[in-house]
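S.K.: Pasting a predicted model and its sequence here:
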Amino acid sequence: MVHIVSHFFLFFFLIYFNGKIFLENFKLNNLNLDIFQISIFGLIFTGLFAQIINIFIPLNFFLLILNLIIINTYLIYNYKKFFFRIKKIDYIYFILFLLITLNIYGSDFSDDLNNYHYGFILNSDSGNFIVGMSHLYQMYAFSPIWLTTHSYFNFDYSRLQDIHVLNGLIFFIFLSIFYKEIKDSFDKKRINILIPVTFFILVFVLIKYTRLKEFGIDRPSFLIIFFFIFFILKNFFSNLKENQVDSKIILMIYLSMFLFYSKIIFFFTALIPIYYIIRYKKLKIFFSKNFLPIYLIILGYFIKNLIISGCLIFPISLTCLNFLSWSAKEYAEYQMIFTEIINKSWTIYNGQLTNIEYIRDFNWIETWFNRHKIEFFEFFLTSGLATILTLFSFKSLKEKKSNFYFLKNSELITIFSLLFVIQLIFFISKNPVIRMSHYLFVFFYSMIIIFIFRNFKLHLKKRVISAIFIFAISFNAFKNFTRISENNFINDPHQMVKPYIDKQTKEKLGDFEYYNGWYGNFPAGKVILGSSFDHKKKFIFDIIYKVN
């Protein structure tokens with residue numbers, strides 16, 4: 001438990017000041033972001049730059065020590081700027097911290113830990129990116145940024161536990177951001193469309209996200225998508241002032257990049273900053289000095305992908321460069337069609353169609369629905385329950401809003417509707433997996449809430465909101481207490497992974513040594529490379545390439 005608490009606050013300290021220093025130095029601190037919003041941007045900035053750093057050096061614990069030295073040096077020289085008086089701390093944050101600690105202590109691991117998650121984290125911790133690393137295990141080609149962020153925020157001796165600590169930390173920051181916004185609305189008596197949507201998402205997440213084991217890559221990304229929704233509502237629809245648009249757009253771009261680098265299915269988030277660049281005629285933003293880190297991060301992303309898979313954007317095969325001897329173009333082509341086949345539940349289909357015939361013309365829909373109907377209704381009912389609780393928590397006053405707000409809310413509904421339709425089309429055509437796309441339910445019900453409350457001023461029912469919030473926290477805590485007590489659970493990450501560790505075997509490719517097996521030594525993979533591959537060393541890079 002000491003380990004969980006100490007690393008939680010250490011990582012929190014790092015990401016807050018990484019965010020604070022970055023925002024200060026690139027003049028993006030003019031939006032009055034609170035400590036939690038600064039921290040979520042600090043986490044995003046750190047992950048984005050860790051991806052660049054890992055091209056050249058490993059993301060081992062020396063970088064955390066260096067990061068601490070840099071922050072403390074900066075604080076010494078700028079102590080007046082960062083000095084602040086601690087006010088009375090709301091006890092709810094302590095309750096949220098206890099809830100997250102309970103989640104961390106009681107969590108098992110994601111099913112993908114022994115697939116490719118841990119192997120990727122281990123490799124990034126232990127060395128710089130290997131050219132052609134996707135040949136060690138094809139799933140490494142996806143190289144999601146959340147795993148790179150995990151590689152940065154861990155110590156070698158406690159890597160397994162730190163995976164949970166980082167997942168718990170982003171959960172805590174998210175809950176704190178949403179809670180604080182609602183609490184501030186209590187105090188300032190300023191209720192707008194942001195508050196019911198924020199409350200709805202907060203209740204949904206507390207009820208549904210009760211197990212850190214399920215976080216993997218998807219749920220941290222969903223939390224950032226929900227924060228993205230919050231950021232749009234707060235900065236473009238919650239007040240009459242439309243200032244600091246440049247900073248808002250740039251911060252949305254950072255959010256979009258992080259989401260896209262986590263999974264390319266989140267490409268739709270980039271449409272929002274593009275919309276505002278066009279709407280406010282901000283094309284000059286591309287030539288501002290504040291945009292330079294974005295260019296560097298985009299370049300680093302492409303270089304990282306080229307190093308690992310030989311593709312600019314994996315698994316889009318059109319972006320794969322065939323002239324690179326380590327190119328994974330064939331696997332990218334296979335992955336695109338294979339993923340669609342698997343996602344449409346081909347594995348439980350008992351008919352006569354071939355897999356290609358099966359995924360065409362909605363032949364898959366009946367089999368898919370039979371497999372996913374329980375999960376579908378669970379998410380549908382949970383988000384529906386959160387919506388009903390939200391509608392009971394607010395009431396519309398007879399006084400109508402100004403025409404400005406009416407037009408704003410109409411614009412918001414239009415934007416949400418377009419994003420929802422785009423993602424629904426992609427969901428149906430390529431990726432009909434509920435657990436990877438349940439944010440669609442949040443979009444859908446958010447639009448319902450906005451539509452219902454779009455015309456009138458709002459009043460919140462404090463007692464009802466407080467009771468629902470307490471119920472949601474209690475439900476989340478109860479699920480974890482039950483899980484711990486029923487299994488006589490003792491938090492020992494190394495013991496937890498023992499049953500499904502395959503013993504590593506040392507393999508050789510010329511002079512290059514690697515390991516077949518996901519847990520243990522570096523570099524870890526899940527293949528034995530045959531005579532069709534070879535190895536060479538160029539400067540700091542090991543290169544695994546295909547032999548013609």
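M.R.: The structure has been received and is ready for your questions. From a predicted model like this one, the values you see are computed outputs, not experimental measurements. Residues are numbered from 1 along each chain as shown.
S.K.: Kindly export whichever strand or helix holds Ile92 (C-alpha atoms) in CSV.
M.R.: Assessed by DSSP states H and E, Ile92 sits inside helix 91-105. This file holds the C-alpha atoms of helix 91-105, laid out as CSV (Å, rounded to 0.1, in the frame of the first residue of the first chain):
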residue,chain,number,x,y,z
TYR,A,91,-12.8,16.2,1.8
ILE,A,92,-14.4,14.7,-1.4
TYR,A,93,-11.0,14.6,-3.1
PHE,A,94,-9.8,12.4,-0.2
ILE,A,95,-12.8,10.2,-0.7
LEU,A,96,-12.0,10.0,-4.4
PHE,A,97,-8.4,9.1,-3.6
LEU,A,98,-9.5,6.3,-1.3
LEU,A,99,-11.8,5.0,-4.0
ILE,A,100,-8.9,5.0,-6.5
THR,A,101,-6.6,3.3,-4.0
LEU,A,102,-9.2,0.6,-3.5
ASN,A,103,-9.4,0.2,-7.3
ILE,A,104,-5.6,-0.1,-7.6
TYR,A,105,-5.3,-2.5,-4.7
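S.K.: other SSEs contacting it?
M.R.: Helices and strands touching helix 91-105, by 3 or more CB pairs under 8 Å, 6 or more residues apart in numbering; DSSP states H and E, are helix 2-25, helix 159-188, helix 462-486. C-beta: built from backbone N, CA, C; applies to glycine.
S.K.: Quick one: find the helix or strand in this structure with the lowest mean pLDDT.
M.R.: Least confident helix or strand of the chain, by mean pLDDT, DSSP states H and E, is helix 79-82 with a mean of 66.
S.K.: returning to what we had before: identify each buried residue in the helix holding Ile92, please.
M.R.: Ile92, Leu96, Phe97, Leu99, Ile100, Thr101, Leu102, Asn103, Ile104, Tyr105 (16 or more other CB atoms under 10 Å).
S.K.: okay, those in JSON lines with pLDDT next?
M.R.: Shown next, in JSON lines, are the buried residues of helix 91-105 (pLDDT from 0 to 100):
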{"residue": "Ile92", "pLDDT": "91"}
{"residue": "Leu96", "pLDDT": "95"}
{"residue": "Phe97", "pLDDT": "95"}
{"residue": "Leu99", "pLDDT": "95"}
{"residue": "Ile100", "pLDDT": "95"}
{"residue": "Thr101", "pLDDT": "92"}
{"residue": "Leu102", "pLDDT": "91"}
{"residue": "Asn103", "pLDDT": "91"}
{"residue": "Ile104", "pLDDT": "91"}
{"residue": "Tyr105", "pLDDT": "86"}
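S.K.: Save those residues as TSV, and put in distance to Ile71 too.
M.R.: Shown next, in TSV, are the buried residues of helix 91-105 (distance: CB to CB, whole Å):
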residue	distance to Ile71
Ile92	27
Leu96	24
Phe97	22
Leu99	28
Ile100	23
Thr101	24
Leu102	29
Asn103	27
Ile104	24
Tyr105	28
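S.K.: Excluding sequence neighbours, find me the nearest residue to Thr54.
M.R.: Let me fix one detail, which is that residue 54 is Asn and not Thr. Spatial nearest neighbour of Asn54, excluding adjacent residues (CB to CB, 6 or more residues apart in numbering): Ser124 at 5.3 Å.
S.K.: try Glu513
M.R.: Lys506 (6.3 Å).
S.K.: Count residues in the vicinity of Ser499, would you?
M.R.: In this structure residue 499 is Pro, not Ser. 6 (other CB atoms under 10 Å).
S.K.: Tell me the secondary structure at it.
M.R.: When classified by DSSP: H, G, I helix; E, B strand; the rest coil, Pro499 comes out as helix.
S.K.: Look up how far His164 lies from it.
M.R.: Plainly put, Pro499 is 18 Å away from His164 if you go by CB to CB, to the nearest Å.
S.K.: do Phe453 as well
M.R.: Phe453 is 38 Å from His164, by CB to CB.
S.K.: Settle it for me: which of the two has more neighbours?
M.R.: Ranked by neighbour count (other CB under 10 Å), Phe453 and His164 place His164 first, with 26 against 23.
S.K.: In space, what's closest to the more buried one - neighbours in sequence excluded?
M.R.: Ile104 (4.7 Å).
S.K.: One more: Leu14?
M.R.: Using CB to CB, 6+ apart, the nearest residue to Leu14 is Asn67, at 5.7 Å.
S.K.: Could you say which helix or strand holds that neighbour?
M.R.: helix 61-77.
S.K.: Can you mark which positions in that helix are buried?
M.R.: For helix 61-77, a neighbour-count test (16+ other CB under 10 Å) marks Phe61, Leu63, Leu64, Asn67, Ile71, Tyr74 as buried.
S.K.: Could you do stretch 536-548 as well?
M.R.: In stretch 536-548, counting by 16+ other CB under 10 Å, buried: Phe541, Asp542, Ile543, Ile544, Tyr545, Lys546.
S.K.: For it, give me every contacting residue.
M.R.: 56, 127-133, 135-136, 307, 325-327, 509-512, 523, 529, 531-535 (CB atoms under 8 Å, 6 or more residues apart in numbering).
S.K.: as a whole number, average confidence for that stretch?
M.R.: Across stretch 536-548, the average pLDDT comes to 90.
S.K.: What of stretch 186-203?
M.R.: 86.
S.K.: do stretch 479-493 as well
M.R.: On average, the pLDDT along stretch 479-493 is 79.
S.K.: With stretch 443-453 instead?
M.R.: 89.
S.K.: how about it: buried residues?
M.R.: Result for stretch 443-453 [16+ other CB under 10 Å]: buried residues Phe443, Phe444, Tyr445, Ser446, Met447, Ile448, Ile449, Ile450, Phe453.
S.K.: Over to stretch 457-465?
M.R.: Leu458, Leu460, Ile465.
S.K.: re the thing from before, what's the closest of the buried residues of helix 91-105 to Ser345?
M.R.: Ranked by distance to Ser345 (CB to CB), the buried residues of helix 91-105 are led by Asn103 at 30.7 Å.
S.K.: Could you check how many residues crowd around Ile484?
M.R.: By the criterion of other CB under 10 Å, Ile484 has 16 neighbours.
S.K.: just to revisit the earlier point, from the buried residues of stretch 457-465, which has minimum pLDDT?
M.R.: Out of the buried residues of stretch 457-465, that is Leu458, at 76.
S.K.: Wait, a helix at that one?
M.R.: No. Per three-state DSSP, Leu458 lies outside any helix segment and is strand.
S.K.: returning to that earlier point: ok, now which ones touch the residue nearest to His164?
M.R.: Ile4, Phe8, His164, Val165, Asn167, Gly168, Leu212, Asn491.
S.K.: what helix or strand is Ser107 on?
M.R.: Secondary structure (DSSP H and E) places Ser107 outside all helices and strands.
S.K.: neighbours around it, how many?
M.R.: Other residues close to Ser107 by other CB under 10 Å number 24.
S.K.: Please tell me how far the residue nearest to it when sequence neighbours are not counted sits from Leu59.
M.R.: The shortest distance from Ser107 to any non-neighbouring residue, by CB to CB, 6+ apart, is to Leu212 (3.8 Å). Leu212 is 22 Å from Leu59, where distance means CB to CB.
S.K.: cool, Thr46 as well?
M.R.: The value you get for Thr46 to Leu59, if CB to CB is used, is 10 Å.
S.K.: Mutual contacts of the two, please.
M.R.: Tyr152.
S.K.: tell me the contacts of Leu136?
M.R.: Asn123, Ile130, Tyr514, Pro523, Ala524, Gly525, Lys526, Val527, Leu529, Ile544.
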